[in-house]
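Novice: quick one, fold the following:
(2 chains)
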Number of protein chains: 2
Amino acid sequence: MSKDYFAARQKKLISLLKRSGAEALLVTSETNVTYLTGFYGDSSYLLIGKDQTVLTSDTRYTIQIEEQCPGLDVYIRKSTESMTAALEKVLKKTDLGSVGFESHIITCELLESLHGLTPALQWNPLSNLVEDLRMVKDASEIEETRKAVQQAQKGYGVLRALLTEEMTELQAAHELEHAMRRFGARQAAFDPIVAAGERAALPHAMPSEKRIGESPFLLVDWGAMTQKGYRSDLTRMIVHGRPTSKLEKIYNTVLKAQCAAIEAIRPGATCKKVDQVARKVIDQAGFGKYFTHGLGHGIGLDIHEGPRLGGNSTTELKPGMIITVEPGIYLSDWGGVRIEDDILVTRDGHEVLTSVPKEFESAML
Amino acid sequence: MSKDYFAARQKKLISLLKRSGAEALLVTSETNVTYLTGFYGDSSYLLIGKDQTVLTSDTRYTIQIEEQCPGLDVYIRKSTESMTAALEKVLKKTDLGSVGFESHIITCELLESLHGLTPALQWNPLSNLVEDLRMVKDASEIEETRKAVQQAQKGYGVLRALLTEEMTELQAAHELEHAMRRFGARQAAFDPIVAAGERAALPHAMPSEKRIGESPFLLVDWGAMTQKGYRSDLTRMIVHGRPTSKLEKIYNTVLKAQCAAIEAIRPGATCKKVDQVARKVIDQAGFGKYFTHGLGHGIGLDIHEGPRLGGNSTTELKPGMIITVEPGIYLSDWGGVRIEDDILVTRDGHEVLTSVPKEFESAML
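Specialist: Numbers count the residues shown, from 1 in each chain, chains lettered A, B, ... in the order given. As a prediction, this is how the structure comes out:
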């Protein structure tokens, strides 16, 4: 990711700020700081406005910031100087009358201490400004996401090859993460879900000591995170026992819903609409009340980001958005089926970034 | 961890609340909720007071909560009900006049929406109440930490056995995490630091593509997290080239400082005092300004928790605290040396929980 990408993002944020009437924004979200500067580290805040962009960090990161953010204005505090004392110095060097803060991120305690700094300065809540920008990915982010998809898919290939009935869900999850790292991932995009049989009825199952062989099928929900922090997110079913007609019916209902929703993805379509397309297919098959979550979400530097594909969202899709499409049917005491792919919204429709086969036959081990 | 432990922790918190004059506390820190209930999951808040203890969660976690917190009062919201709407219902069932909130955790946005809920209800900032309790570990937590130490130490044994000069820092870090998981760890306690040669001069170095063989020594800072979320945290040096007298001198200075500080650990000693003991040894050897961070920190459900062993802390050590002792000397363009162990404060002194050999000779590969 070249310096130009970060400059372009900062420029966009500054115009957003202008429109919202704010002079500057204090970015306290770690992920938003990474997005705007390319710096990966904690406890570092970015003050950004028309006339200044300053990163306040500490001595642990001096060299790293030089490497990752050449040319960026930096204030480095020593371990004996508090963050608020450092911010006070940074703010006093500016002639700002008011600063926006990320009210969905900042803690009450930090805001209180900011209020104490320079009584003349006004602090204004501004919510999700950077997150709104992050919804539409630039070329470098799309490239990173493709990498994250490749790492995840190659890792999954290794898991399928390695899988034995004696393995526990936990062991399988660990083998999967280890394999993705061999292909260059920094880590798993999130703790992989490996849920055998009825445990797949829990949409957020934590891998357990249950052995794979105890159930005829399992659900794997996984993704990779690249070195630069971009993420993929997929779900596939693996069937190693003899498939029942119930499993096949539910599987094909979920698959049909997923394919129909993907087909509906294009610029201008609302998130609500795409969600409805999937929900309708599942409703008509009689499983409506067992599809208990939203259809999908944006992915990027966070595993869950905007836009959300859900019943209430009137957000319109735009080229450059990357979203998951992941309908599911969950029957307690039996299990669950979910199928998930990552989709890029393009100018004239969409591109499915993931390519692990998903016909029912391909789920057989 | 039996139900009794959680009941005892809740009871202690309720007496703390009473002393601070609050009727109840809304616990919004995920870790604090885990500590008080044994539930592992996100987006779930605990209202706790003399007359009620209610966990507000959502449908993803219904079954998990039944398993992990038998007998706990729970309000489960559907995906269509917002967290604040759910909290409103929970609060209306009580006759509370005021509720405390965790001001160091809660976001301004959430507090604002809480204020909107029931205008008659007063919200009072309460900081670090649960964190103060968490500083002193109970028997079950000490047991879990011992497990985390074993997982980390066994994993490190595998890494030392596997290590080749061709391996990159990243590969070594991944092998280490994979090995700890084989011994039962849920994951690494934090992203392991594997820093070869001059990269060890960065106290928070991220593992890179640098090959181990490019430098005569490396620093490994790692730990394991148990299935229940407790963590260990160690640092050792590995020397595979011919050791220079400079390396040996710096190593032995750090080791002497570390051993002296560990000896000073006992109930009643202040954190500041223990830090000074280590700092004095390093100062006297002429490296004072190259020991750029605090001496250590508590470990538990978080990798960094109270108490902090630093120059300003007048906190007195108490039996049951578990702290790291990790002095270091960092010379840019050359490298760094840090040695770190985990120490339990006991009634009559301390117990070193970690046992990886640390004489200079044992660092040789």
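Novice: up against chain B, what does the stretch 101-250 of chain A have?
Specialist: Neighbours of chain B within the stretch 101-250 of chain A, by Cβ under 8 Å from any Cβ of the partner chain: A:101, A:103-109, A:111-112, A:125, A:127, A:170, A:174, A:177-178, A:181-182, A:187, A:191, A:201-204, A:206. For glycine as for every other residue, the C-beta is placed from the backbone atoms N, C-alpha and C.
Novice: so A:A172 is in contact with A:V194, correct?
Specialist: Yes - using Cβ atoms under 8 Å, A:A172 and A:V194 qualify as a contacting pair, with a distance of 4.6 Å.
Novice: and those two? which has more neighbours close in?
Specialist: A:V194 (31 against 23; other Cβ atoms under 10 Å in any protein chain shown).
Novice: joint contacts of A:A172 and A:V194?
Specialist: Listed as contacting both A:A172 and A:V194 by Cβ atoms under 8 Å, 6 or more residues apart in numbering or on different chains are A:207, A:218, A:220.
Novice: for those residues, pick the one with the most neighbours.
Specialist: Within those, A:L218 tops the neighbour count with 27 neighbours, counted by other Cβ under 10 Å.
Novice: what's around the residue lying closest to that one once chain neighbours are set aside, how many residues?
Specialist: Spatial nearest neighbour of A:L218, chain neighbours left out: A:A196 (4.4 Å); criterion: Cβ to Cβ, 6 or more residues apart in numbering or on different chains. If you count neighbours by other Cβ under 10 Å, A:A196 ends up with 28.
Novice: so what's A:A196 up against?
Specialist: Counted by Cβ under 8 Å, 6+ apart, A:A196 has contacts A:169, A:210-212, A:214-215, A:217-218.
Novice: among those residues, name the buried ones.
Specialist: Listed as buried from the contacts of A:A196 are A:169, A:210-212, A:215, A:217-218; burial here means 16 or more other Cβ atoms under 10 Å in any protein chain shown.
Novice: which of those residues fall in strands?
Specialist: A:217-218 (DSSP state E).
Novice: of the buried ones among the contacts of A:A196, closest to chain B?
Specialist: A:E169 (12.2 Å; Cβ to the nearest Cβ).
Novice: if I look at the nearest residue to the closest one once chain neighbours are set aside, what pLDDT would I see?
Specialist: Of all residues not flanking A:E169 in the chain, A:P207 sits nearest, at 3.9 Å (Cβ to Cβ, 6+ apart). Per-residue pLDDT puts A:P207 at 91.
Novice: does A:P207 touch A:E175 like I think?
Specialist: No - using Cβ under 8 Å as the test, A:P207 is too far from A:E175 to be in contact (11.0 Å).
Novice: which residues in the stretch 251-365 of chain A form strands?
Specialist: Assigned by DSSP state E, counting those that start in this stretch, the stretch 251-365 of chain A shows strands spanning A:296-298, A:305-309, A:322-325, A:328-331, A:335-338, A:341-346, A:349-352.
Novice: what ranges do the helices span in the stretch 101-250 of chain A?
Specialist: Secondary structure of the stretch 101-250 of chain A, counting by DSSP state H, counting those that start in this stretch: helices at A:108-117, A:129-134, A:139-162, A:169-182, A:245-263.
Novice: out of those helices, deepest packed?
Specialist: Counting by mean count of other Cβ atoms under 10 Å in any protein chain shown, helix A:169-182 has the highest mean neighbour count of these, with a mean of 23.
Novice: what is that helix packed up against?
Specialist: Using 3 or more Cβ pairs under 8 Å, 6 or more residues apart in numbering or on different chains; DSSP states H and E, the elements in contact with helix A:169-182 are helix A:139-162, strand A:187-188, strand A:193-196, strand A:217-222, helix B:169-182.
Novice: need the ones you listed in JSON lines with distance to A:L87 and mean pLDDT, can you?
Specialist: Output for the helices and strands packed on helix A:169-182, formatted as JSON lines (distance: least, Cβ to Cβ, whole Å; pLDDT from 0 to 100):
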{"stretch": "helix A:139-162", "distance to A:L87": "29", "mean pLDDT": "98"}
{"stretch": "strand A:187-188", "distance to A:L87": "31", "mean pLDDT": "96"}
{"stretch": "strand A:193-196", "distance to A:L87": "40", "mean pLDDT": "96"}
{"stretch": "strand A:217-222", "distance to A:L87": "39", "mean pLDDT": "97"}
{"stretch": "helix B:169-182", "distance to A:L87": "33", "mean pLDDT": "96"}
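Novice: tell me where the stretch 251-365 of chain A is predicted with low confidence.
Specialist: The stretch 251-365 of chain A contains no residues with pLDDT under 70.
Novice: might you enumerate the residues of it proximal to chain B?
Specialist: Checking the stretch 251-365 of chain A against chain B by Cβ under 8 Å from any Cβ, the hits are A:292-294, A:310-311, A:332.
Novice: let's go with 7 Å and repeat that
Specialist: By Cβ under 7 Å from any Cβ of the partner chain, the residues of the stretch 251-365 of chain A that approach chain B are A:292-294.
Novice: any chance of CSV for those residues, columns neighbour count?
Specialist: Listed next are those as CSV, based on neighbours: other Cβ atoms under 10 Å in any protein chain shown:
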residue, neighbour count
A:T292, 16
A:H293, 18
A:G294, 20
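Novice: quick check: phi and psi at the most far-flung residue of chain A relative to its centre.
Specialist: Relative to the centre of chain A, the most outlying C-alpha is that of A:A120, 38.2 Å out, by Cα atoms, centre = their mean. A:A120 adopts backbone torsions of phi -70, psi -20, taken as degrees, to the nearest 10.
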